[in-house]
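Engineer: Just to be clear, the model below is a prediction. Sequence and coordinates:
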Amino acid sequence: CQSYEHRRQWVVDKLGQLSRLFAISICAYAVMSNHYHLVLKVEADTAANWSEREVAQRWAALFQWPLLVRRWYQGEALIEPELAVVQQLLAQWRERLHSISWFIRLLNETLARQANQEDGCKGHFWEGRFKSQALLTESAVLACMAYVDLNPIRAALADRPEQSDYTSIKQRLDEPATPEVLPPLLLPFASQGKPEALPCAFTDYLMLVDWTGRAIRPDKRGHIPAQLRPILERLGLDGVRWLKQVALFRRQGIRVVGGREECQQFARHCGQRRCHQPRL
């Protein structure tokens with residue numbers, strides 16, 4: 001029986017490359033045997049602040065430049081119509097470099113080519129297009145991150161986060177990578193003296209994941225840590241409500257998770273009258 005375990009590392013390696021080129025931060029990931037989960041933060045402002053040369057350099061790491069762009073980058077004088085074409089391409093690339101669709105497209109295409117080459121076949125590798133959900137509140141982000149990081153535990157592949165291979169939480173707990181290894185760039189947690197990226201400290205998140213894992217699978221772990229209360233109080237959630245929110249990510253057809261007001265704002269942003277949000 002052939003093992004495909006090594007393909008999980010392919011996903012992690014490609015995430016390492018893409019996270020350094022795209023203006024998309026990775027909050028959490030989990031690579032399972034036949035699928036993966038990502039929690040992403042689009043950094044459109046970061047992409048907007050890149051210079052044109054930086055946009056071109058990032059795109060060159062993924063695709064070959066057209067000759068016209070190469071001439072522009074080397075400082076050759078271009079006539080006005082040629083310069084307009086270059087600027088149009090750069091604007092298009094800047095937009096794509098903070099697009100989740102392009103991020104997933106490049107990730108999936110690379111994996112499909114590697115797998116088909118290894119299997120000596122052609123054709124579709126993935127069953128269908130990826131599914132996404134908008135996370136509009138801090139609690140929704142943390143709930144989804146916990147859901148993703150606990151995937152191996154729920155699948156009985158591990159019984160604790162620190163032994164859950166191919167997950168963001170294990171990467172955060174492991175020793176720093178060597179210069180030869182480029183793991184996915186992960187959005188940092190809040191810390192003193194630095195702008196808050198994720199809405200809690202890493203130690204609080206560890207307790208949150210540990211408590212959530214024990215509550216979902218009471219046969220696996222011990223008692224609920226008493227230290228967990230501060231983060232739940234800060235998010236305004238009790239234990240039952242938190243677990244229901246985490247369970248939302250398993251349901252089909254859920255496009256958005258957050259509070260009522262945030263969901264209404266998201267619906268207006270999408271040109272809709274309302275967004276379906278199951279009651280917790």
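Structural biologist: Arrived safely, thanks for sending.
Engineer: so what's V256 closest to, chain neighbours aside?
Structural biologist: Sequence neighbours aside, A134 is the residue nearest to V256 in space, at 4.4 Å (criterion: Cβ to Cβ, 6 or more residues apart in numbering). (C-beta placed from N, C-alpha, C; glycine too.)
Engineer: what's the neighbour count on the one you found?
Structural biologist: Look at A134: counted by other Cβ atoms under 10 Å, it has 16 neighbours.
Engineer: Tell me where the stretch 101-250 of the chain is predicted with low confidence.
Structural biologist: 115, 118-119, 123-127, 175-180, 191-196, 216-250 (pLDDT under 70).
Engineer: How much space separates A60 from Y73?
Structural biologist: Using Cβ to Cβ, to the nearest Å, A60 is found at 9 Å from Y73.
Engineer: Next: S101.
Structural biologist: As defined by Cβ to Cβ, S101 lies at a distance of 26 Å from Y73.
Engineer: again, but for A143
Structural biologist: A143 is 44 Å from Y73, where distance means Cβ to Cβ.
Engineer: quick one: which of these two has more around it?
Structural biologist: For A143 versus Y73, neighbours defined as other Cβ under 10 Å are more numerous around A143 (26 against 15).
Engineer: my guess is that one contacts V257, does it?
Structural biologist: Yes: A143 lies in contact with V257 (Cβ atoms under 8 Å); the separation is 7.3 Å.
Engineer: domain ranges for this structure?
Structural biologist: 5-46+101-237, 241-270 (the TED database).
Engineer: Now find how far off-centre the first one is within its chain.
Structural biologist: When you say that, I think you mean domain 5-46+101-237. From the chain centre to the centre of domain 5-46+101-237 is a distance of 7 Å (Cα atoms, centre = their mean, to the nearest Å).
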